[in-house]
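J.: Build me a model from this:
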Amino acid sequence: MLETLRFFDTSIQAWLIHWINLILPAFDEFIISYKNRTAILPSKHLERTISANGIFWPVILLNGQVIGKWKRTIKKDKALIEIELFQPQNKTVRTRIEKASEEISRFLNKETVVNYKSKIVV
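T.: Down below sits the predicted model:
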């Protein structure tokens, strides 16, 4: 049974609709706030997103659904962003992920290097 996500503030709903694609950090409240996460995280990807001992990995959202996870590594003047998509995504989605990755690097004042760990071509 899918759980309906409930938002008490309509501005949050508008914000989520506007930012369809998000790169969320580990332990983000969007993921950990619900006991039943099936509305945003298909059970087949649960083990790839949350470890057996309760560690929540950084995730990538598309239209409110977890579509992958990511990892950041700092190397001198570069921020290496490794993307693992759970299924192939088209160029538009990949471009949005890369733009979000650039925001992280810009915040850190580093050059962005995005690497895909999984197959990405549709």
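J.: name the element residue 61 belongs to?
T.: Taking DSSP states H and E as the criterion, residue 61 maps to strand 59-62.
J.: what's that strand packed up against?
T.: For strand 59-62, the packing partners by 3 or more Cβ pairs under 8 Å, 6 or more residues apart in numbering; DSSP states H and E come out as strand 21-24, strand 65-75. Just so you know, the C-beta spots here come from the backbone N, C-alpha and C atoms, and that holds for glycine as well.
J.: Now mean pLDDT too, for these, in JSON lines please.
T.: Formatted as JSON lines, those follow (pLDDT from 0 to 100):
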{"stretch": "strand 21-24", "mean pLDDT": "81"}
{"stretch": "strand 65-75", "mean pLDDT": "93"}
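J.: any chance of these in JSON lines, plus distance to residue 89 and mean neighbour count?
T.: Below are these laid out as JSON lines (distance: least, Cβ to Cβ, whole Å; neighbours: other Cβ atoms under 10 Å):
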{"stretch": "strand 21-24", "distance to residue 89": "10", "mean neighbour count": "18"}
{"stretch": "strand 65-75", "distance to residue 89": "7", "mean neighbour count": "17"}
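J.: and those as a markdown table, adding distance to residue 113?
T.: Formatted as a markdown table, those follow (distance: least, Cβ to Cβ, whole Å):
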| stretch | distance to residue 113 |
| --- | --- |
| strand 21-24 | 15 |
| strand 65-75 | 8 |
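J.: Other residues contacting the lengthiest helix in the chain?
T.: When the chain is parsed with DSSP state H, its longest helix is helix 91-108. With contact meaning Cβ atoms under 8 Å, 6 or more residues apart in numbering, helix 91-108 is reached by 20-23, 60, 62, 67-68, 70, 72, 74, 78-79, 81, 83, 89, 111-112, 114, 116, 120.
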